[in-house]
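**Q** Provide a 3D model corresponding to the input given below.
(4 chains)
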There are 2 protein chains.
Amino acid sequence: MKILIIEDEPKTAAFLKKGFSEEGDIADIAVNGVDGQHLAVTGNYDVIVLDVMLPQRDGWWVLQEIRSRRTDQPVILLTALDAVSQRVRGLQLGADDYLVKPFAFSELLARVHNLLRRRNVRSEDVLRYADLEIDSLRHKVWRAGEAISLAPQEYRLLAYLMRFPGEVLTRTRIAEQVWDMNFDGDSNVVDVAVRRLRRKIDDPYSDKLIHTLRGVGYVLETRR
Amino acid sequence: MKILIIEDEPKTAAFLKKGFSEEGDIADIAVNGVDGQHLAVTGNYDVIVLDVMLPQRDGWWVLQEIRSRRTDQPVILLTALDAVSQRVRGLQLGADDYLVKPFAFSELLARVHNLLRRRNVRSEDVLRYADLEIDSLRHKVWRAGEAISLAPQEYRLLAYLMRFPGEVLTRTRIAEQVWDMNFDGDSNVVDVAVRRLRRKIDDPYSDKLIHTLRGVGYVLETRR
DNA sequence: GATATTCTTCAGGAAATCGGCAGGAAGGTC
DNA sequence: GACCTTCCTGCCGATTTCCTGAAGAATATC
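**A** Numbers count the residues shown, from 1 in each chain, chains lettered A, B, ... in the order given. Below you'll find the model as predicted:
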């Protein structure tokens, strides 16, 4: 899952990023409204966490900009304490939810999940496909009942594939969503990672699940 | 366990906080209704202790606010007057229990435990996992029948791990629940605490129970 | 108020992981 | 079947992450 954090205070931003990272999600940080707006409308984020108190262009402006282009982009606002009018304004401008500072990270996480569930994004705790099973709560993976231990990046990659079974995922898209990088073509990080993942979840089994589409990318699906 | 105390009188609040702290629980204090309501609905508390006599927004208002969002949040009321009408009103508004001032701390503690047992939040006073056993009443810990003495924080950490055996607990979550702080990554308090706990409950035994998940956090579980 | 315990920060070292490389294999095209 | 492109795969250095002991600060205990 990819998240955009628009927050000018470095400590808060770092705290949020770390939290999402531990959950296996990727978070980008924008430290002002202009950068935030730009990333928000060009990037492909599952959810945007937006602080309303920003230098220069504030969160309200960013929110309006986002809404004018992407009406269905999930946005959660962070507002300062005891400002009821702010909350109301945020919801009127189209925020999906808000959180009052200071807050515990788990509370933000709960709201993010709640929001995505409302949007029907696949974000359950346990995902299954064929005889493959991945439990995000326990951070564990099974194939045909056997537990498989994965390195962090292998896990993130598999979790991403499991979100879109049967769909072709290009290297560019994978690099974006799993590595948070712009894939320029002269790196084989994705290939190598797929290799490592295959070694653990495909090599020991006769029915392969990860398939290569030459010139395109990879797909997770059952084939006979 | 995390407790929210909403109480405007500093002496009473401090007394309660100290009492819970000695039990190994973490207590936050809110000194007025507005802050209390905010913390109650955004924080993640196992139980809320709510004084009904508060300046400005009173306890009734707070209780209604809580109930309108979290119907299953355990709430215990503190009332100054032993008036039947107050008790009735509290229970009608959805309080789980009430206590008339002045009261002994042990009385409050007993009701908290009783309430949580009804809610199955904490299954029992004695938790067991593998050959590990902790007695939440006596604050004692055994591994393979041998008594182990833990420092307060070591105990709190272990108690938290024991509440979620097999589940991955991120540093952020642990810092939130055991330290009541926002973990920003610049500190290794959790690591060090885990180290000290390991020294006592894992180092002397061959089967380790606390395992590290790189980049994520820790998990308490049996492995072979 | 003194002593003892406990907690946090710091820093060095260890370990797992990751990304690039390069040679080889496989797939596609004519 | 030859040729070219794309992908696979083992290895190694670099990096990140974690472990661990020690020391000073904080807290509790007497």
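**Q** Is the closest residue to residue A:16 other than its chain neighbours in a helix, a strand, or coil?
**A** Residue nearest to residue A:16 in three dimensions, not counting chain neighbours: residue A:5, with 5.2 Å by C-beta to C-beta, 6 or more residues apart in numbering or on different chains. The C-beta positions use only the backbone N, C-alpha and C, and glycine is treated the same way. Secondary structure, DSSP: H, G, I helix; E, B strand; the rest coil: residue A:5 is strand.
**Q** what is residue A:5 paired to in the beta sheet?
**A** Beta bridges link residue A:5 to residue A:29, residue A:49, judged by DSSP bridges.
**Q** Contacts only, for it.
**A** Taking C-beta atoms under 8 Å, 6 or more residues apart in numbering or on different chains as the criterion, residue A:5 is in contact with A:13, A:16-17, A:27-30, A:49.
**Q** How about residue A:65?
**A** Residue A:65 makes contact with A:37, A:40-41 under the criterion C-beta under 8 Å, 6+ apart.
**Q** which one of the contacts of residue A:5 is nearest residue A:171?
**A** Closest approach between those and residue A:171, by C-beta to C-beta: residue A:28, at 19.4 Å.
**Q** In contact with the closest residue to the closest one other than its chain neighbours, which residues?
**A** For residue A:28, ignoring the flanking residues on the chain, the nearest one in space by C-beta to C-beta, 6+ apart is residue A:4 at 5.3 Å. Residues near residue A:4 by C-beta under 8 Å, 6+ apart: A:27-28, A:30, A:36, A:39-40, A:43, A:45, A:47-49.
**Q** Confidence-wise, which of these comes last?
**A** The pLDDT minimum for the contacts of residue A:4 sits at residue A:43, where the score is 86.
**Q** Which residue, other than its chain neighbours, is closest to that one?
**A** Nearest non-adjacent residue to residue A:43 (C-beta to C-beta, 6+ apart): residue A:4, at 6.3 Å.
**Q** any idea how far the one you found lies from residue A:166?
**A** Distance, residue A:4 to residue A:166, by C-beta to C-beta, to the nearest Å: 27 Å.
**Q** ok so, going back, take the contacts of residue A:5 and write them to CSV, including neighbour count.
**A** As requested, the contacts of residue A:5 are exported to CSV (neighbours: other C-beta atoms under 10 Å in any protein chain shown):
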residue, neighbour count
A:13, 20
A:16, 24
A:17, 20
A:27, 21
A:28, 18
A:29, 20
A:30, 24
A:49, 24
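**Q** pLDDT value on the residue nearest the centre of chain A, please?
**A** When C-alpha atoms, centre = their mean is applied to chain A, the residue found nearest the centroid is residue A:1 (1.5 Å). In this prediction, residue A:1 carries a pLDDT score of 88.
**Q** Distance check, it against chain B.
**A** For residue A:1, the distance to chain B equals 15 Å [C-beta to the nearest C-beta, to the nearest Å].
**Q** Identify the spatial nearest neighbour of that residue, chain neighbours not counted.
**A** Nearest residue to residue A:1, sequence neighbours excluded (C-beta to C-beta, 6+ apart): residue A:25, at 4.3 Å.
**Q** tell me the contacts of that neighbour?
**A** Listed by C-beta under 8 Å, 6+ apart, the contact partners of residue A:25 are A:1-3.
**Q** what's the distance between it and residue A:115?
**A** As judged by C-beta to C-beta, residue A:25 and residue A:115 stand 14 Å apart.
**Q** and the gap between residue A:44 and residue A:51?
**A** Taking C-beta to C-beta, one finds residue A:44 at 21 Å from residue A:51.
**Q** And those two? Which one has more around it.
**A** A side-by-side neighbour count of residue A:44 and residue A:51, using other C-beta atoms under 10 Å in any protein chain shown, places residue A:51 first with 25 against 10.
**Q** That one reaches residue A:16, doesn't it?
**A** No. Residue A:51 sits out of contact with residue A:16 when judged by C-beta atoms under 8 Å, with a separation of 9.8 Å.
**Q** For the two, list the residues in contact with both.
**A** With C-beta under 8 Å, 6+ apart as the test, residue A:51 and residue A:16 both reach residue A:7.
**Q** doesn't residue A:196 make contact with residue A:151?
**A** Yes. Taking contacts as C-beta under 8 Å, residue A:151 lies within contact range of residue A:196: 7.3 Å.
**Q** interface residues of chain A facing DNA strand D?
**A** Where chain A comes near DNA strand D, counting by C-beta under 7 Å from any atom of the strand, the residues are A:188, A:191-192, A:194-195, A:198-199, A:212-217.
**Q** Out of those residues, grab the one that's most surrounded.
**A** Most neighbours among those, by other C-beta under 10 Å: residue A:194, with 22 neighbours.
**Q** Look up how far residue A:153 lies from it.
**A** Counting by C-beta to C-beta, the gap from residue A:194 to residue A:153 is 11 Å.
**Q** what's the neighbour count on residue A:174?
**A** Residue A:174 has 20 neighbours, counted by other C-beta under 10 Å.
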